[in-house]
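Engineer: next comes the sequence, and after it the predicted model I'd like to discuss.
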Amino acid sequence: MIDFQAICRVGVYTLGENDVVESHHSHAMEEKIGVLLLNLGGPETLKDVQPFLYNLFADPDIIQLPGLFKLLQWPLAKLTSVLRAPKSEKGYAAIGGGSPLRKITDEQANALRMALEAKNVNVSVYVGMRYWYPFTEEVIEQVDTLLDGIKWDDKGLAMAIAQNVDTGAILMQGFVNKGALATIITSRKATFFSRSRATLWTKGETSNNFINIYDKRRNKLCVQFSWRGFLLGHVRLLLVKLLEIQEQIGSSNIKMSNLVLI
Ligand SMILES: C=CC1=C(C)c2cc3[nH]c(cc4nc(cc5[nH]c(cc1n2)c(C)c5CCC(=O)O)C(CCC(=O)O)=C4C)c(C)c3C=C
Ligand SMILES: [Fe+2]
(Lines give C-alpha, C1' and ligand atoms only; values in the text may rest on other atoms or scores of the structure.)
(Ligands and ions follow the chains in the order given, each with its own letter.)
Protein backbone atom coordinates (compact mmCIF):
# COMPACT_ATOMS: atom_id res chain seq x y z
CA MET A 1 0.00 0.00 0.00
CA ILE A 2 1.13 3.53 -0.73
CA ASP A 3 1.26 5.69 2.39
CA PHE A 4 -0.21 8.93 1.05
CA GLN A 5 0.30 10.71 4.36
CA ALA A 6 4.00 10.23 3.82
CA ILE A 7 3.75 11.81 0.37
CA CYS A 8 2.28 14.94 1.99
CA ARG A 9 5.60 15.71 3.58
CA VAL A 10 8.51 17.33 1.90
CA GLY A 11 11.26 14.99 0.82
CA VAL A 12 12.28 12.60 -1.90
CA TYR A 13 10.13 9.52 -2.21
CA THR A 14 10.41 6.42 -4.30
CA LEU A 15 8.23 3.40 -4.63
CA GLY A 16 9.98 0.58 -2.85
CA GLU A 17 9.11 -3.11 -2.84
CA ASN A 18 5.37 -3.79 -2.38
CA ASP A 19 4.59 -0.16 -3.26
CA VAL A 20 5.87 1.14 0.06
CA VAL A 21 6.87 4.77 -0.16
CA GLU A 22 10.39 5.20 1.09
CA SER A 23 11.34 8.61 2.41
CA HIS A 24 14.93 9.57 1.78
CA HIS A 25 14.91 12.85 3.67
CA SER A 26 11.63 14.05 5.06
CA HIS A 27 10.71 17.16 6.94
CA ALA A 28 7.60 17.75 8.97
CA MET A 29 6.50 20.58 6.68
CA GLU A 30 3.23 19.88 4.82
CA GLU A 31 3.24 20.11 1.05
CA LYS A 32 0.23 20.71 -1.19
CA ILE A 33 -0.48 17.78 -3.51
CA GLY A 34 -2.23 18.01 -6.84
CA VAL A 35 -2.85 15.15 -9.25
CA LEU A 36 -3.40 15.96 -12.91
CA LEU A 37 -5.06 13.19 -14.91
CA LEU A 38 -4.09 13.52 -18.55
CA ASN A 39 -6.21 12.21 -21.39
CA LEU A 40 -6.69 12.95 -25.09
CA GLY A 41 -10.23 14.26 -25.10
CA GLY A 42 -13.01 13.91 -27.63
CA PRO A 43 -15.77 16.07 -29.13
CA GLU A 44 -18.52 16.71 -26.59
CA THR A 45 -21.13 17.78 -29.14
CA LEU A 46 -21.53 17.24 -32.88
CA LYS A 47 -20.37 20.76 -33.66
CA ASP A 48 -17.12 20.02 -31.78
CA VAL A 49 -16.26 17.17 -34.17
CA GLN A 50 -14.53 19.13 -36.93
CA PRO A 51 -12.45 21.42 -34.65
CA PHE A 52 -11.55 18.40 -32.52
CA LEU A 53 -10.37 16.50 -35.61
CA TYR A 54 -8.37 19.55 -36.65
CA ASN A 55 -6.56 19.57 -33.29
CA LEU A 56 -5.84 15.87 -33.67
CA PHE A 57 -4.58 16.01 -37.27
CA ALA A 58 -2.54 19.18 -36.63
CA ASP A 59 -0.49 17.35 -34.00
CA PRO A 60 2.80 16.12 -35.55
CA ASP A 61 2.82 13.32 -32.95
CA ILE A 62 -0.24 11.89 -34.74
CA ILE A 63 0.47 12.71 -38.38
CA GLN A 64 4.07 13.53 -39.22
CA LEU A 65 4.97 15.00 -42.60
CA PRO A 66 8.58 14.84 -43.80
CA GLY A 67 10.90 17.81 -44.45
CA LEU A 68 9.37 20.87 -46.01
CA PHE A 69 5.97 19.12 -46.24
CA LYS A 70 5.74 20.01 -42.54
CA LEU A 71 4.48 23.42 -43.66
CA LEU A 72 1.41 21.69 -45.05
CA GLN A 73 0.49 20.22 -41.67
CA TRP A 74 -2.09 22.89 -40.76
CA PRO A 75 -3.83 23.32 -44.14
CA LEU A 76 -3.92 19.54 -44.53
CA ALA A 77 -5.34 19.19 -41.02
CA LYS A 78 -8.04 21.69 -41.91
CA LEU A 79 -8.88 19.91 -45.16
CA THR A 80 -8.97 16.38 -43.73
CA SER A 81 -10.92 17.46 -40.66
CA VAL A 82 -13.58 19.14 -42.82
CA LEU A 83 -13.75 16.13 -45.18
CA ARG A 84 -13.91 13.55 -42.39
CA ALA A 85 -16.23 15.43 -40.01
CA PRO A 86 -19.59 14.40 -41.55
CA LYS A 87 -18.77 10.68 -41.26
CA SER A 88 -17.45 11.07 -37.71
CA GLU A 89 -20.49 13.14 -36.72
CA LYS A 90 -22.73 10.25 -37.79
CA GLY A 91 -20.69 7.91 -35.61
CA TYR A 92 -20.86 10.22 -32.61
CA ALA A 93 -24.59 10.81 -33.18
CA ALA A 94 -25.06 7.04 -32.93
CA ILE A 95 -23.44 6.96 -29.48
CA GLY A 96 -25.40 9.82 -27.94
CA GLY A 97 -24.02 12.89 -29.71
CA GLY A 98 -20.50 13.05 -28.35
CA SER A 99 -17.46 11.31 -26.98
CA PRO A 100 -17.74 9.62 -23.57
CA LEU A 101 -14.05 10.29 -22.81
CA ARG A 102 -14.65 13.43 -20.80
CA LYS A 103 -17.31 11.84 -18.58
CA ILE A 104 -15.20 8.73 -18.02
CA THR A 105 -12.12 10.76 -17.11
CA ASP A 106 -14.12 13.01 -14.75
CA GLU A 107 -15.52 9.90 -13.08
CA GLN A 108 -12.00 8.54 -12.66
CA ALA A 109 -10.92 11.85 -11.12
CA ASN A 110 -13.86 11.80 -8.70
CA ALA A 111 -13.22 8.18 -7.74
CA LEU A 112 -9.55 8.95 -7.11
CA ARG A 113 -10.45 12.04 -5.07
CA MET A 114 -12.90 10.05 -2.94
CA ALA A 115 -10.45 7.19 -2.44
CA LEU A 116 -7.82 9.64 -1.23
CA GLU A 117 -10.32 11.52 0.93
CA ALA A 118 -11.21 8.18 2.57
CA LYS A 119 -7.55 7.98 3.54
CA ASN A 120 -7.75 11.50 4.96
CA VAL A 121 -5.49 12.83 2.25
CA ASN A 122 -6.45 16.24 0.98
CA VAL A 123 -5.43 16.05 -2.65
CA SER A 124 -6.75 18.17 -5.50
CA VAL A 125 -7.38 16.11 -8.63
CA TYR A 126 -7.52 17.80 -12.02
CA VAL A 127 -8.25 16.60 -15.54
CA GLY A 128 -6.41 17.95 -18.59
CA MET A 129 -7.01 16.96 -22.22
CA ARG A 130 -4.68 17.20 -25.19
CA TYR A 131 -7.15 17.72 -28.04
CA TRP A 132 -10.31 19.07 -26.43
CA TYR A 133 -11.61 20.83 -23.34
CA PRO A 134 -10.40 21.19 -20.70
CA PHE A 135 -7.05 21.73 -22.43
CA THR A 136 -4.18 20.85 -20.11
CA GLU A 137 -2.48 24.24 -20.49
CA GLU A 138 -5.68 26.09 -19.63
CA VAL A 139 -6.37 23.93 -16.61
CA ILE A 140 -2.92 24.57 -15.18
CA GLU A 141 -3.27 28.30 -15.80
CA GLN A 142 -6.76 28.51 -14.31
CA VAL A 143 -5.97 26.40 -11.29
CA ASP A 144 -2.97 28.58 -10.44
CA THR A 145 -4.80 31.86 -10.94
CA LEU A 146 -8.01 30.93 -9.23
CA LEU A 147 -6.85 28.92 -6.27
CA ASP A 148 -4.21 31.44 -5.30
CA GLY A 149 -6.42 34.47 -5.90
CA ILE A 150 -9.27 33.57 -3.58
CA LYS A 151 -9.49 34.57 0.06
CA TRP A 152 -10.29 31.35 1.88
CA ASP A 153 -11.61 31.47 5.45
CA ASP A 154 -9.80 29.74 8.31
CA LYS A 155 -11.52 26.44 7.41
CA GLY A 156 -10.34 26.72 3.81
CA LEU A 157 -13.85 27.57 2.55
CA ALA A 158 -15.40 30.31 0.48
CA MET A 159 -18.99 30.92 -0.46
CA ALA A 160 -19.93 30.26 -4.09
CA ILE A 161 -22.97 31.74 -5.69
CA ALA A 162 -24.48 30.86 -9.04
CA GLN A 163 -25.98 33.98 -10.47
CA ASN A 164 -27.97 34.61 -13.61
CA VAL A 165 -25.84 36.96 -15.66
CA ASP A 166 -28.83 38.54 -17.40
CA THR A 167 -31.12 39.15 -14.46
CA GLY A 168 -28.68 39.18 -11.54
CA ALA A 169 -30.87 36.65 -9.72
CA ILE A 170 -29.07 34.45 -7.20
CA LEU A 171 -29.86 30.89 -8.22
CA MET A 172 -27.87 28.91 -5.76
CA GLN A 173 -25.29 29.31 -3.07
CA GLY A 174 -23.01 26.90 -1.30
CA PHE A 175 -19.50 26.49 0.02
CA VAL A 176 -16.45 25.53 -1.96
CA ASN A 177 -12.99 24.51 -0.88
CA LYS A 178 -9.99 24.29 -3.20
CA GLY A 179 -10.94 20.76 -4.24
CA ALA A 180 -14.47 21.83 -5.17
CA LEU A 181 -13.19 24.75 -7.20
CA ALA A 182 -10.67 22.56 -8.96
CA THR A 183 -13.49 20.16 -9.79
CA ILE A 184 -15.61 23.03 -11.13
CA ILE A 185 -12.76 24.07 -13.39
CA THR A 186 -12.13 20.62 -14.74
CA SER A 187 -15.58 19.01 -14.77
CA ARG A 188 -17.44 22.24 -15.61
CA LYS A 189 -20.21 21.22 -13.27
CA ALA A 190 -21.06 23.30 -10.20
CA THR A 191 -19.57 21.41 -7.28
CA PHE A 192 -19.75 22.36 -3.63
CA PHE A 193 -18.27 21.29 -0.32
CA SER A 194 -20.83 19.81 2.07
CA ARG A 195 -19.97 20.95 5.57
CA SER A 196 -22.24 18.37 7.21
CA ARG A 197 -20.75 15.44 5.29
CA ALA A 198 -17.31 17.00 4.84
CA THR A 199 -17.21 15.89 1.25
CA LEU A 200 -17.60 17.31 -2.25
CA TRP A 201 -20.93 17.07 -4.02
CA THR A 202 -21.83 17.97 -7.54
CA LYS A 203 -25.22 19.61 -8.01
CA GLY A 204 -27.28 17.18 -10.10
CA GLU A 205 -25.22 14.06 -9.45
CA THR A 206 -28.35 12.13 -8.43
CA SER A 207 -31.04 14.10 -10.27
CA ASN A 208 -29.02 14.79 -13.44
CA ASN A 209 -29.98 18.49 -13.15
CA PHE A 210 -26.44 19.77 -13.36
CA ILE A 211 -25.36 23.37 -13.37
CA ASN A 212 -23.12 23.22 -16.39
CA ILE A 213 -20.20 25.55 -16.57
CA TYR A 214 -18.35 26.39 -19.70
CA ASP A 215 -15.41 28.59 -20.31
CA LYS A 216 -16.58 31.38 -22.58
CA ARG A 217 -13.92 33.91 -21.79
CA ARG A 218 -10.48 32.95 -20.58
CA ASN A 219 -9.93 33.06 -16.85
CA LYS A 220 -13.57 33.62 -16.14
CA LEU A 221 -15.96 30.88 -15.33
CA CYS A 222 -19.19 31.35 -17.18
CA VAL A 223 -21.92 29.06 -16.06
CA GLN A 224 -24.88 27.84 -18.00
CA PHE A 225 -27.72 26.89 -15.75
CA SER A 226 -29.80 24.11 -17.20
CA TRP A 227 -32.77 22.63 -15.48
CA ARG A 228 -34.24 19.35 -16.68
CA GLY A 229 -32.43 19.80 -19.94
CA PHE A 230 -33.74 23.29 -20.70
CA LEU A 231 -31.41 26.19 -20.78
CA LEU A 232 -32.70 28.88 -18.47
CA GLY A 233 -30.03 31.48 -18.99
CA HIS A 234 -26.43 32.32 -18.44
CA VAL A 235 -25.16 32.11 -14.94
CA ARG A 236 -21.87 33.13 -13.50
CA LEU A 237 -20.26 31.79 -10.43
CA LEU A 238 -19.20 34.21 -7.78
CA LEU A 239 -17.05 33.59 -4.79
CA VAL A 240 -17.51 35.75 -1.78
CA LYS A 241 -16.04 36.05 1.63
CA LEU A 242 -17.97 33.90 4.06
CA LEU A 243 -18.85 36.46 6.70
CA GLU A 244 -19.88 39.18 4.32
CA ILE A 245 -22.25 36.92 2.44
CA GLN A 246 -23.81 35.47 5.57
CA GLU A 247 -24.72 38.97 6.71
CA GLN A 248 -26.02 39.92 3.31
CA ILE A 249 -28.01 36.79 2.64
CA GLY A 250 -29.68 37.49 5.99
CA SER A 251 -30.77 40.85 4.66
CA SER A 252 -31.45 39.35 1.19
CA ASN A 253 -29.65 42.29 -0.33
CA ILE A 254 -26.30 41.27 -1.73
CA LYS A 255 -24.03 44.11 -2.69
CA MET A 256 -22.33 43.31 -5.98
CA SER A 257 -19.26 45.28 -4.93
CA ASN A 258 -18.56 42.67 -2.27
CA LEU A 259 -18.64 39.78 -4.69
CA VAL A 260 -15.54 38.51 -6.39
CA LEU A 261 -16.12 37.40 -9.93
CA ILE A 262 -13.94 34.47 -10.86
C1 LIG B 1 -5.87 9.76 -40.25
C2 LIG B 1 -6.63 9.23 -39.35
C3 LIG B 1 -6.32 9.10 -37.94
C4 LIG B 1 -5.13 8.81 -37.33
C5 LIG B 1 -3.79 8.54 -37.92
C6 LIG B 1 -5.41 8.79 -35.91
C7 LIG B 1 -4.47 8.49 -34.92
C8 LIG B 1 -4.68 8.63 -33.57
N9 LIG B 1 -5.86 9.01 -32.96
C10 LIG B 1 -5.68 9.03 -31.61
C11 LIG B 1 -6.61 9.39 -30.61
C12 LIG B 1 -7.97 9.65 -30.88
N13 LIG B 1 -8.60 9.65 -32.06
C14 LIG B 1 -9.93 9.95 -31.88
C15 LIG B 1 -10.92 10.05 -32.83
C16 LIG B 1 -10.66 10.02 -34.20
N17 LIG B 1 -9.46 9.75 -34.83
C18 LIG B 1 -9.63 9.80 -36.18
C19 LIG B 1 -8.68 9.60 -37.17
C20 LIG B 1 -7.32 9.26 -36.93
N21 LIG B 1 -6.73 9.07 -35.72
C22 LIG B 1 -10.99 10.11 -36.44
C23 LIG B 1 -11.61 10.29 -37.81
C24 LIG B 1 -11.63 10.26 -35.20
C25 LIG B 1 -13.08 10.62 -34.96
C26 LIG B 1 -13.88 9.43 -34.66
C27 LIG B 1 -14.14 8.63 -35.87
O28 LIG B 1 -14.72 9.14 -36.82
O29 LIG B 1 -13.75 7.47 -35.89
C30 LIG B 1 -10.14 10.17 -30.50
C31 LIG B 1 -11.43 10.55 -29.84
C32 LIG B 1 -12.13 9.33 -29.28
C33 LIG B 1 -13.42 9.73 -28.61
O34 LIG B 1 -13.69 9.24 -27.51
O35 LIG B 1 -14.13 10.55 -29.14
C36 LIG B 1 -8.93 9.99 -29.86
C37 LIG B 1 -8.66 10.12 -28.40
C38 LIG B 1 -4.32 8.65 -31.37
C39 LIG B 1 -3.68 8.55 -29.99
C40 LIG B 1 -3.72 8.41 -32.59
C41 LIG B 1 -2.34 7.97 -32.91
C42 LIG B 1 -1.42 7.64 -32.07
FE1 LIG C 1 -7.79 8.88 -33.86
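Structural biologist: Perfect, I can see it now. Residues are numbered from 1 along each chain as shown. Ligands and ions are numbered 1, 2, ... in the order given.
Engineer: report the rounded mean pLDDT for the top helix by length along the chain.
Structural biologist: As assigned by DSSP state H, the longest helix anywhere in the chain is helix 73-94. Averaged over helix 73-94, pLDDT sits at 97.
Engineer: so which residues make contact with the helix or strand following it?
Structural biologist: Using DSSP states H and E, the next helix or strand after helix 73-94 towards the C-terminus is helix 101-118. Contacts to helix 101-118, defined as C-beta atoms under 8 Å, 6 or more residues apart in numbering, come from residues 4, 35, 37, 39-42, 44, 122-123, 125-127, 129, 132-133, 179, 183, 186-187, 199-200, 202. C-beta: built from backbone N, CA, C; applies to glycine.
Engineer: how about helix 101-118 against ligand 1, any contact?
Structural biologist: Yes - contact between helix 101-118 and ligand 1, assessed by C-beta under 6 Å from any ligand atom, occurs at residue 101.
Engineer: tell me which residue of the stretch 101-250 of the chain lies closest to ligand 1.
Structural biologist: Proximity of the stretch 101-250 of the chain to ligand 1 (C-beta to the nearest ligand atom) peaks at residue 101, 4.0 Å away.
Engineer: what is the neighbour count of that residue?
Structural biologist: 17 (other C-beta atoms under 10 Å).
Engineer: which ones are touching residue 204?
Structural biologist: So residue 204 contacts 189, 190, 210, 211 (C-beta under 8 Å, 6+ apart).
Engineer: got it, and residue 127?
Structural biologist: 36, 37, 39, 102, 105, 106, 109, 134, 139, 186, 187.
Engineer: next one: phi and psi at it?
Structural biologist: Per-residue torsions, residue 127: phi -120, psi 130 (degrees, to the nearest 10).
Engineer: which residues does it form a beta bridge with?
Structural biologist: Here residue 127 sits in beta bridges with residue 37, going by DSSP bridges.
Engineer: and the pLDDT for it?
Structural biologist: pLDDT for residue 127: 88.
Engineer: roughly how far apart are it and residue 156?
Structural biologist: 22 Å (C-beta to C-beta, to the nearest Å).
Engineer: what residues sit buried inside the longest helix of the chain?
Structural biologist: For helix 73-94, a neighbour-count test (16 or more other C-beta atoms under 10 Å) marks 73, 77, 80, 81, 84, 85, 88, 89, 92 as buried.
Engineer: any idea which helix or strand carries the residue lying closest to the first one once chain neighbours are set aside?
Structural biologist: The spatial neighbour of residue 73 that comes closest, neighbours along the chain excluded (C-beta to C-beta, 6 or more residues apart in numbering), is residue 65 at 5.7 Å. For residue 65, there is no helix or strand it lies in under DSSP H and E.
Engineer: distance check, residue 65 against ligand 1.
Structural biologist: Per C-beta to the nearest ligand atom, to the nearest Å, residue 65 is found 12 Å from ligand 1.
Engineer: what is the neighbour count of that residue?
Structural biologist: 12.
Engineer: pretty sure it sits against residue 75.
Structural biologist: No - with contact defined as C-beta atoms under 8 Å, residue 65 does not count as touching residue 75 (10.9 Å).
Engineer: re the thing from before, which of the contacts of residue 204 has the largest number of neighbours?
Structural biologist: Neighbour-wise, those (other C-beta under 10 Å) top out at residue 190, 27 neighbours.
Engineer: quick check: phi and psi at residue 152.
Structural biologist: phi -90, psi 150.
Engineer: next one: residue 207
Structural biologist: Torsion angles, degrees, to the nearest 10, at residue 207: phi -90, psi -10.
Engineer: follow-up on the earlier one: now the buried residues of helix 73-94 in CSV, with distance to residue 113?
Structural biologist: Listed next are these as CSV, based on distance: C-beta to C-beta, whole Å:
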residue, distance to residue 113
73, 38
77, 35
80, 38
81, 34
84, 36
85, 35
88, 32
89, 33
92, 28
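Engineer: and the nearest residue to residue 174 once chain neighbours are set aside, how far is that from residue 81?
Structural biologist: When the adjacent residues along the chain are set aside, residue 174 lies closest to residue 192, with 3.5 Å between them (C-beta to C-beta, 6+ apart). Distance of residue 192 to residue 81, computed by C-beta to C-beta: 38 Å.
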